[in-house]
Each structure stands twice: as C-alpha cells, then as structure tokens.
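**Student:** sequence and predicted structure, then a few things I'm wondering about:
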Amino acid sequence: MSTIRVVWGAATGPTALSSYDAALAEAGVHNYNLVTLSSVIPAGPAIEVVETAPDLGPPGEAIEVVQSAATAAPGERAAAGIGWARTADGPGIFYEVDGTDPEAVRAEIREGLAAGRDLREWDFVEETVRVESVAPDDDYASAVVLATYGESHPVV
C-alpha cells in the first residue's frame, strides 16, 4: 500500500485565497486537486512526516488528503494542525484543528484524539501532533497541514 505523507506550509498573500494557495505551495501540493477524506487511517501504509511533498504526479490530477487549514485576516495569526494515533497493526485516526493560537490548536488535537480513541475498541500505541502557524503581518495569512494519501490520479 502507498505511503501517507504529512506535509505543511505557511504563507501570506494579498487575498485570503492567494495566501492559502501559497501555503499549499510551501507544502508542495498546490498543483493538485485536493479530495478531502474523513479521518480514519487504513492499516498498511506508513506515515512519513516530510514537510514538503515530493512529486506526486502530473499537475491537475487529484490527491486524497486529510487537511487542516486556517486563514486569517491581515494582522491576525493562523494556526493549523493534524494529530494521529495508530494501533500496533496499523489502523488509526487523524484529528484536524484550525484556529489562531498554536498551543490551543495542539491542546484541542490531543483532546480530540483522546475522544476518538475512546470511541474505538482498538489498542493505540502511537500518537503524533504537527502544528504549523504564521505570524500576523499586513497581508492575509494561511497555515496548512495535510496528510496526503499515495500518488495523484486523473480526475477525469
């Protein structure tokens, strides 16, 4: 089975969408159509924390992701994060949070992962959290953290 890669980026721009696009560029996924998945990790694939995605295929193709994205108005901070917990044999859960305070985002992720573990009768052995933020300036600011599933594939 393919690899799940955790990537992230933070950037600013003159509009909300341009700052988001620039943050996706920092993460290496701005040339793909992102297909959002819910937060259950299948057994099998390794999870690699890589910061910037490698070449995942031709531009314009689709890639499945679990995504946390925050965009803030000029002068405000943006923070996004994903946490994950896995069992020894592989299945697990992602939990995504966005906000303005990186520490509050981190705390909410840990709280959400605990609640998600409580819902499942699985023996979790691993937990990891990744939070990205961008300080306020005179432009819009965006932070993203994504778990990308495998390689891209044609949309049509």
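**Tutor:** Structure's in. What do you need? Please read these numbers as outputs of a predicted model, since none were measured by experiment.
**Student:** what's the burial count for residue 150?
**Tutor:** Look at residue 150: counted by other C-beta atoms under 10 Å, it has 15 neighbours. Glycine gets a C-beta too; all of them are placed from N, C-alpha and C.
**Student:** check which helix or strand it maps to.
**Tutor:** strand 140-153 (DSSP states H and E).
**Student:** show me what that strand is packed up against.
**Tutor:** Applying 3 or more C-beta pairs under 8 Å, 6 or more residues apart in numbering; DSSP states H and E, one finds that strand 140-153 makes contact with strand 4-13, helix 16-27, strand 62-72, strand 78-87, strand 92-99, strand 124-134.
**Student:** any idea which of the ones you listed is most buried?
**Tutor:** Highest mean neighbour count among the helices and strands packed on strand 140-153 (mean count of other C-beta atoms under 10 Å): strand 78-87, with a mean of 25.
**Student:** so what strands line up beside it?
**Tutor:** Taking DSSP bridges as the criterion, strand 78-87 forms sheet pairs with strand 92-99 (antiparallel), strand 124-134 (antiparallel).
**Student:** what sits against the closest residue in space to residue 148 that isn't next to it in sequence?
**Tutor:** Excluding its sequence neighbours, the residue lying closest to residue 148 (C-beta to C-beta, 6 or more residues apart in numbering) is residue 5, at 4.9 Å. Residue 5 makes contacts with 47-50, 53-54, 147-148, as judged by C-beta atoms under 8 Å, 6 or more residues apart in numbering.
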